[in-house]
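**Student:** Give me a 3D structure for the following:
(2 chains)
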Amino acid sequence: MKNLKIFSEKDFPSYLPKLNQLYDDLFSSGKGFRSKLIQIVAEPLSLNLKQIHLLSQTIEFIHNASLLHDDLVDRSSLRRDKPAAWLKYSPEYAVLAGDYLLARVMVNLSRYGNLSLIQYTSEIISDLLEGEWIQDSLVGDVEIGLGELDQVHNLKTASLFKWCLRAPFICAEDSRQQVHQTLEELGGILGILFQRSDDLLDFDVRNTEKKAVLGDLKSGYLNSFGVFLTQHLVDKERQKIKDCKTIEQVWDFLGRERFNQAVESFDEMNRKIIELYFHYANSLNELLVGDQKKLIKDLCQLPKPLYWRSV
Amino acid sequence: MELENYKKKIAPQLLTLPRKDPLCDRYLRGLGPSGFSIRTVDSLNIQTDQERITFALYPEGEIAKPPLLSRLAQAFRLGFLPMTCGPFLLSLVALKFWGYNFAFWPTALIFAALVGLHMASFGLNDYFDHMQGLDRIQFRKGSQVIQKGWLKATQVLLLSYVGIFLSLLCGVYLAFFRPMILIPLFLFILVVVIGFSWRGKNLRYLGLGDLVIGLCMGPLQSWVVALILSPHLMRHFFLLGLPLGLMVSIVFQLRQLESLFAERNLKTGSLVSRLGFDRAKFYIGVELYSLPVVWGLVLLMFGANKLSLVGSILFLVMMQLPLQLTLKKSRSPLSSCLIGIGKKAILYEGILFLNMVINIYYLF
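**Tutor:** Residues are numbered from 1 along each chain as shown, chains lettered A, B, ... in the order given. From the prediction side, this is the model:
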């Protein structure tokens, strides 16, 4: 897989002070998972480099725009171990930089001229913002259920994964409904798995990158694993978990064994979702033709790095 | 390859079918291949031409189920039966206090008819919501008994028909107490129960669901009971059931509020979805405040003294404050405050009922 440079200085006006510097900071870190997913899907479809670059840039712009706004909304001080853009530059610049990325997406796609792609992309951005809005309304709500969170994540996180799978097919002018439906399902599951894995990281589970933990809890937000962990606790106990400042306090309160059992049960629940994922991958295999079938092998390997965080 | 290993191990268990496939319809009804139980696991593009449903097949007996009575109680919402029979009980109490003695068998038949209608309305609601895909996405609503694989959809439908048959049987006998009035009323009630969630543009879709259900489970019911059990026309019993009917509408609206987010793309047409989250909250809040006032006006018409009237209204306003606060606290349709708000509303309905009984006692 080639290392794609998502943006260059030519993409943004040079006369706007600090804009390129802000984007340099933003795009220089990050795993670029979504753009890699684009490449995985685009290759068997024989898309050219220009198309792959357009799609990769689009998804990374949308994703990073949401991060810029997210950090300000949540008042997060760090992003990828660096000061968040709203702190380093200013809240105004962070908002405008996010808006500008979304505007560039529309410019680039409209220049490319595929109306279906423009339509789908605008729907995804709309879903993303809807998810953000709803999620913000849930801050401080510690009694939220897993079903409710999944609905939010389906909009916020899964929508971008769905786009990564479907957009290359739209670009390749493959508009078969069944294919897109199945990709939509696969993308939705990948998004949920990715989010749940991220939520586990926040509780220091399989945290090989040694990321900061309990960030969600400190923001007043109980993530999917937090909800799963506390589902059988009474209100007072749940409140105590919410007040924990370190992961050690969580372990002390619940007991290490109970915590580990919850991780196992959570993993078991997600294994069933991975089974469903493979089922859909199998049905996609029957719909693809020729070289497109090579995609299935790569798709089947995704749950491993995505959920289990192993390569 | 991982996919091949998966296919060997798990492949027979999951099956995805387009909605238009006749086999899909069979599986939705719970009629799977012999030796297997079926559960719906996932759906995509619900209520569109592209709808596809994924089923999981389990060897018979693999799905853990609670005892049958427990499943039936959940499927037919036994907990809601007091709400269904509230106006009936209120009328009995009022008639008794008013000095009427009523015969056992007509009373028992009225109760049986109500139980039948209750079973029919909730059973049909669950069945059609399941077949149309609503209960596959609105996990807070419905009994979820079909989705969990505890009962087949056909079993729920059959029991609903049993309920309709029971209520028809009782109704045919009871209608002859006052055929000119009762036959049209019974037919109207039956149409409402069946038409509430029937597939297609049902009463709920037209935004009339809450209104007609409130009418049937409130003023109409209390009046019909009085018509059957007393020798007079008892028009004022229509008013007696009004507060309870209003409360039933509120309960339904609160439950719709809980599932508003899940239904956002489905255009269900209910009043709550037409109003939107914020306006629906406001509307329900106003309805709740108007409830004690409506009861106060009814009491006034019955000649209650002003002191007990004011006391009654203030008591009911105080008792509904937790509900009002819960509504105010909920910032979105996914808010955990809304979880179980329907049940809290039913509890308030019980308080309203007791208040009404006490007032009627002192009135007569």
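**Student:** Give me the pLDDT value at A:Lys88.
**Tutor:** At A:Lys88, the model reports a pLDDT of 89.
**Student:** quick one: low-confidence ranges for the stretch 1-150 of chain A?
**Tutor:** Residue ranges of the stretch 1-150 of chain A with pLDDT under 70: A:1-5.
**Student:** can you give me the strands for it?
**Tutor:** Remark: strands assigned in the stretch 1-150 of chain A by DSSP state E, counting those that start in this stretch are A:78-79, A:82-83.
**Student:** tell me the most buried of those strands?
**Tutor:** strand A:78-79 (a mean of 17; mean count of other C-beta atoms under 10 Å in any protein chain shown). Glycine gets a C-beta too; all of them are placed from N, C-alpha and C.
**Student:** from the chain's centre, how far out does that one sit?
**Tutor:** 16 Å (C-alpha atoms, centre = their mean, to the nearest Å).
**Student:** Sheet partners, orientation included, of it?
**Tutor:** strand A:82-83 (antiparallel) (DSSP bridges).
**Student:** so how far is the strand it pairs with from its chain's centroid?
**Tutor:** On C-alpha atoms, centre = their mean, the centre of strand A:82-83 falls 20 Å from the chain's centre.
**Student:** do the same with stretch A:20-27
**Tutor:** Using C-alpha atoms, centre = their mean, the offset of stretch A:20-27 from its chain centre is 20 Å.
**Student:** again with stretch A:221-231
**Tutor:** 18 Å.
**Student:** Contacts (any at all) between chain B and that stretch?
**Tutor:** No. On the criterion C-beta under 8 Å from any C-beta of the partner chain, stretch A:221-231 is out of touch with chain B, staying 9.6 Å away.
**Student:** Let me see the residues that make contact with that stretch.
**Tutor:** A:135, A:138-142, A:144-146, A:149-150, A:153, A:195-196, A:198-200, A:202-203, A:205, A:216-217, A:237-238, A:241-242, A:254, A:259, A:262-263, A:265-266, A:269 (C-beta atoms under 8 Å, 6 or more residues apart in numbering or on different chains).
**Student:** what about the helices in the stretch 1-150 of chain A?
**Tutor:** A:19-28, A:33-42, A:49-74, A:85-88, A:91-112, A:115-137, A:146-156 (DSSP state H, counting those that start in this stretch).
**Student:** helices or strands next to the third one in the packing?
**Tutor:** Using 3 or more C-beta pairs under 8 Å, 6 or more residues apart in numbering or on different chains; DSSP states H and E as the contact criterion, the secondary-structure elements in contact with helix A:49-74 are helix A:19-28, helix A:33-42, helix A:85-88, helix A:91-112, helix A:115-137, helix A:158-171.
**Student:** and the first one, which residues are buried?
**Tutor:** Applying a neighbour-count criterion of 16 or more other C-beta atoms under 10 Å in any protein chain shown, one finds A:Leu19, A:Asn20, A:Leu22, A:Tyr23, A:Asp25, A:Leu26, A:Phe27 buried in helix A:19-28.
**Student:** cool, and the fourth one?
**Tutor:** Buried residues in helix A:91-112, counted by 16+ other C-beta under 10 Å: A:93-98, A:100-102, A:104-105, A:108-109, A:112.
**Student:** Specify which member of those residues is nearest to A:Leu47.
**Tutor:** Using C-beta to C-beta, A:Tyr112 is the member of these that sits closest to A:Leu47, with 11.8 Å.
**Student:** Distance of the closest residue to that closest one other than its chain neighbours relative to chain B?
**Tutor:** By the measure of C-beta to C-beta, 6 or more residues apart in numbering or on different chains, the closest residue to A:Tyr112 outside its immediate chain neighbours is A:Leu54, 5.8 Å from it. In this view, A:Leu54 and chain B are 27 Å apart by C-beta to the nearest C-beta, to the nearest Å.
**Student:** residues touching A:Leu54, list them.
**Tutor:** Contacts of A:Leu54 by C-beta under 8 Å, 6+ apart are A:Asn108, A:Leu109, A:Tyr112, A:Cys171.
**Student:** near chain B, which residues of the stretch 1-150 of chain A show up?
**Tutor:** Checking the stretch 1-150 of chain A against chain B by C-beta under 8 Å from any C-beta, the hits are A:Ile134, A:Ser137, A:Leu138, A:Asp141, A:Val142, A:Glu143, A:Ile144, A:Gly145, A:Gly147, A:Glu148.
**Student:** Dead centre of chain B: give me the residue that sits there.
**Tutor:** B:Phe122 (5.7 Å; C-alpha atoms, centre = their mean).
**Student:** ranges for the strands of the stretch 151-300 of chain A?
**Tutor:** Taking DSSP E, counting those that start in this stretch as the criterion, the stretch 151-300 of chain A carries no strands.
**Student:** what are the ranges of the helices in it?
**Tutor:** A:158-171, A:177-201, A:215-218, A:224-229, A:235-243, A:247-254, A:256-287, A:294-301.
**Student:** Return the most buried member of these.
**Tutor:** helix A:158-171 (a mean of 25).
**Student:** In this structure B:Met83 contacts B:Ile250, no?
**Tutor:** No. At 11.0 Å, B:Met83 does not count as touching B:Ile250 under the criterion of C-beta atoms under 8 Å.
**Student:** From the contact counts, what lies against the longest helix along chain B?
**Tutor:** Criterion DSSP state H: the longest helix present in chain B is helix B:104-131. Using 3+ C-beta pairs under 8 Å, 6+ apart, the elements in contact with helix B:104-131 are helix B:68-75, helix B:81-97, helix B:134-137, helix B:153-175, helix B:179-197, helix B:219-229.
**Student:** Out of those, which is closest to B:Val41?
**Tutor:** Across the helices and strands packed on helix B:104-131 (criterion: C-beta to C-beta), the nearest stretch is helix B:134-137, sitting at 9.0 Å.
**Student:** Show the average pLDDT along the closest one.
**Tutor:** 67.
**Student:** Quick one, grab the pLDDT at B:Leu182.
**Tutor:** 85.
**Student:** Spit out the contact partners of B:Val251.
**Tutor:** B:Met83, B:Gly342, B:Ala345, B:Ile346, B:Glu349.
**Student:** Now do it against B:Thr40, distance only.
**Tutor:** In this view, B:Val251 and B:Thr40 are 27 Å apart by C-beta to C-beta, to the nearest Å.
**Student:** B:Val293 now?
**Tutor:** B:Val293 is 45 Å from B:Thr40, by C-beta to C-beta.
**Student:** more neighbours, those two?
**Tutor:** Between B:Val293 and B:Thr40, B:Thr40 has the larger neighbour count (other C-beta atoms under 10 Å in any protein chain shown), namely 21 against 13.
**Student:** would that one count as being in a strand?
**Tutor:** Yes. Assessed by DSSP: H, G, I helix; E, B strand; the rest coil, B:Thr40 belongs to a strand.
**Student:** If it is in a bridge, with which residues?
**Tutor:** B:Phe55.
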